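Novice: Below is the sequence, then the predicted model.
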Amino acid sequence: MTGNEIRARFLKYFEDRGHVVVSSSGLIPQNDPTLMFTNAGMNQFKDCFLGMEDRGYYRAASSQKCVRAGGKHNDLENVGRTARHHTFFEMLGNFSFGDYFKKEAIAFAWEFLTKDLGLDTSRLYVTVYTDDDEAADIWHQQEGVPRERIYRFGEKDNFWSMGDTGPCGPCTEIFWDNGPEVGCGSPDCAVGCDCDRYMEIWNNVFMQFNRTADGVLHPLPKPAVDTGMGLERITTVMQGVRSNYDTDLLQGIIRHIERHSGKKYGDNEKDSVSMRVIADHCRAVTFLICDGALPSNEGRGYVLRRIMRRAARHAKMLGVAEPLLCRMVDAVREMMGDAYPELAERETYIRKVVLAEEERFNETLDRGLAILNEEVASLRAGGCSVIPGETLFKLYDTFGFPVDLTEDIVRAEGFSVDEPGFEACMEHQRELGREHWKGSGAAGIADVYKELHNHGLRTNFVGYGSLTAFSPVT
Ligand code: ATP
Ligand code: MG
Ligand code: MG
Ligand code: MG
């Protein structure tokens, strides 16, 4: 079954059970300053959960574009490290706005996985929130899951929140055992271990509260259900592969990287890591720009820039001299254009934005890398393994290296970075900027004009009657 077929199958299953299939919302949240990027299927339904919006339907299903690279849910550092985290991924979800609750949600999830997709129950595990006996009993009594396969975890894993404020509640999660050959191999490895063996595939949240800025939990008008299952992860399970990157969803993109780089995925680990990073990042970049983000030096735009520059550096590591990322826009459209038609509509625009950023960064990348290599060598000779704040700042300010990019580069050399030192340099620069502005603005310009005035210069404003740029001065 292909990833595209699994997406369609999920939506059909829930449509057949009275759910309205809703299109994905964009990645840039509208009217929600609490959120950097859309990070879950429930985002677009936030007001339905809060009882502030009535859409006329009470069951919905979607496949939602998500980015987790900033804000509360941030997986940027996990990409390339784990087999299961992306910056951009698709979240399949079913939702109940005050309609069904725990019993039905659990029944749907279990039936879809074990009957519709036919998963082997001996490789599935579930978790519930510490004191949620009700959910544990439903799993055991209604679905026949043995008690020893039901784990209980606390706030961190089994109480889901969209952000610091907003809808939240206890959840129950479903895990798949990828087998001992995939994991860390520790004798203590079990559900909850951070390695890739027991992979979380589906989270069912029982939305019961709205958390306000003071941290207080207010009960929602009607308890609701919000679920999310990563399409790439369930595809890994269905295709019997070891990693999301081995599914057809990502392999289709990796084929393009192979073609452009002349290298083969799997031939050596270093190149494979670069290919995975590029495969992940090119989807995030394409969709973020498609949905209205632009690279910049702050906020969302800076997160996008950091993702683009990391990808550009990995393209360089693969030995690709020409800009690669802009050519990957094509690959993403080819793989995902049917599910997301907006990609084809905006393809030319996206490619232009990516190319401009790539060309700009490629101009300074080599020189920045050379300086960094020299610094690493001289620090090592002096027995130090921390990149000082001044170097981080110079790389940032002159060569456009975001700190996390530098960190990513030197980690492989066993180095870390002095981030507080970098922040101090940044603050110093901001201060200089403020002083400079005071000098030239308040004093400098006024002095010039005063002097001209003393020499008898007078201006005569004619803008209401004439479009001529200058009028005669007397
Ligand atoms: P994890 O513990 O693996 O980081 P999570 O608990 O943060 O996942 P949820 O917020 O519960 O994830 O999101 C619902 C589902 O979305 C997860 O069960 C998983 O299938 C998928 N998912 C979450 N984060 C990612 C990611 N970075 N890349 C791919 N899929 C993801
Ligand atoms: Mg996570
Ligand atoms: Mg989790
Ligand atoms: Mg989870």
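Specialist: Thanks, I have the structure now. Numbers count the residues shown, from 1 in each chain. Ligands and ions are numbered 1, 2, ... in the order given.

Novice: Skipping adjacent residues, who's closest to whichever residue of the chain sits closest to ligand 1 in space?
Specialist: Using CB to the nearest ligand atom, the single residue of the chain nearest to ligand 1 is G230, 2.9 Å away. C-beta coordinates here come from the backbone N, C-alpha and C atoms, glycine included. Once flanking residues are discounted, G230 sits nearest to F89: 5.4 Å by CB to CB, 6 or more residues apart in numbering.

Novice: where does the one you found land in three-state SS?
Specialist: strand (DSSP: H, G, I helix; E, B strand; the rest coil).

Novice: Show me how this structure divides into domains.
Specialist: 3-238, 247-417 (automatic domain parsing).

Novice: now those as a markdown table including mean neighbour count?
Specialist: Shown next, in a markdown table, are the domains of the chain (neighbours: other CB atoms under 10 Å):
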| stretch | mean neighbour count |
| --- | --- |
| domain 3-238 | 18 |
| domain 247-417 | 18 |
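
Novice: how about JSON lines for those, with distance to H453 and mean pLDDT added?
Specialist: Listed next are the domains of the chain as JSON lines, based on distance: least, CB to CB, whole Å; pLDDT from 0 to 100:
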{"stretch": "domain 3-238", "distance to H453": "46", "mean pLDDT": "95"}
{"stretch": "domain 247-417", "distance to H453": "38", "mean pLDDT": "95"}
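
Novice: And those: which comes nearest M426?
Specialist: Closest to M426 of the domains of the chain, according to CB to CB: domain 247-417, at 6.7 Å.

Novice: The closest one near ligand 1 anywhere?
Specialist: No. Applying CB under 6 Å from any ligand atom, one finds domain 247-417 separated from ligand 1 by no less than 8.8 Å.

Novice: End to end on that domain, go ahead and measure it.
Specialist: End-to-end distance of domain 247-417 (CA to CA, to the nearest Å): 35 Å.

Novice: chain center to it, what's the gap?
Specialist: With CA atoms, centre = their mean, to the nearest Å as the basis, domain 247-417 stands 14 Å off its chain's centre.

Novice: List the contacts of L379.
Specialist: S385, V386, I387, F415 (CB atoms under 8 Å, 6 or more residues apart in numbering).

Novice: hang on, I meant R17
Specialist: Going by CB under 8 Å, 6+ apart, R17 touches R59, F108.

Novice: One more pass at 7 Å, please.
Specialist: By CB atoms under 7 Å, 6 or more residues apart in numbering, the residues touching R17 are F108.

Novice: now it: how far from T87?
Specialist: 32 Å (CB to CB, to the nearest Å).

Novice: want to throw the domains of the chain into CSV with distance to M426?
Specialist: Listed next are these as CSV, based on distance: least, CB to CB, whole Å:
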stretch, distance to M426
domain 3-238, 18
domain 247-417, 7
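
Novice: List just the one of the ones you listed that sits closest to R458.
Specialist: Comparing these under CB to CB, the one sitting nearest is domain 247-417, at 41.4 Å.

Novice: Would you double-check that L92 falls in a helix?
Specialist: No. Read with three-state DSSP, L92 is strand and lies in no helix.

Novice: related to what we said a few turns ago, for the residue nearest to G230, name its beta-bridge partners.
Specialist: Using DSSP bridges, the beta-bridge partners of F89 come out as C66.

Novice: now R211
Specialist: Beta-bridge partners for R211, by DSSP bridges, are G166, L217.

Novice: so which helix or strand takes in A356?
Specialist: Assigned by DSSP states H and E, A356 belongs to helix 347-381.

Novice: Which SSE is immediately downstream of that helix?
Specialist: Downstream of helix 347-381 (by DSSP H and E), the next one is strand 386-387.

Novice: What residue, apart from its backbone neighbours, is nearest S385 spatially?
Specialist: Nearest residue to S385 in three dimensions, chain neighbours excluded: F415, at 5.0 Å (CB to CB, 6+ apart).

Novice: which residues does that neighbour contact?
Specialist: V376, S385, V386, I387.

Novice: and if you look at L27?
Specialist: L27 neighbours (CB under 7 Å, 6+ apart): F37, T38, K65, V67, F287, L288, D291.

Novice: Can you tell me which of those residues end up in strands?
Specialist: Judged by DSSP state E, strands contain the following of these: K65, V67.

Novice: between the contacts of L27, which is nearest E269?
Specialist: Ranked by distance to E269 (CB to CB), those are led by V67 at 26.7 Å.

Novice: That closest one reaches T87, doesn't it?
Specialist: Yes. Contact criterion CB atoms under 7 Å: V67 and T87 qualify, at 5.9 Å.

Novice: what residues do those two have in common as contacts?
Specialist: Joint contacts of V67 and T87 (CB under 7 Å, 6+ apart) are A284.

Novice: Now do the strands in the stretch 101-250 of the chain.
Specialist: 124-129, 150-153, 159-161, 166-177, 198-211, 217-230 (DSSP state E, counting those that start in this stretch).

Novice: Nearest to D267 among those strands would be which one?
Specialist: Across these (criterion: CB to CB), the nearest stretch is strand 198-211, sitting at 25.9 Å.

Novice: possible to save the strands of the stretch 101-250 of the chain as JSON lines with distance to A135?
Specialist: Converted to JSON lines, the strands of the stretch 101-250 of the chain look like this (distance: least, CB to CB, whole Å):
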{"stretch": "strand 124-129", "distance to A135": "4"}
{"stretch": "strand 150-153", "distance to A135": "9"}
{"stretch": "strand 159-161", "distance to A135": "12"}
{"stretch": "strand 166-177", "distance to A135": "5"}
{"stretch": "strand 198-211", "distance to A135": "7"}
{"stretch": "strand 217-230", "distance to A135": "12"}
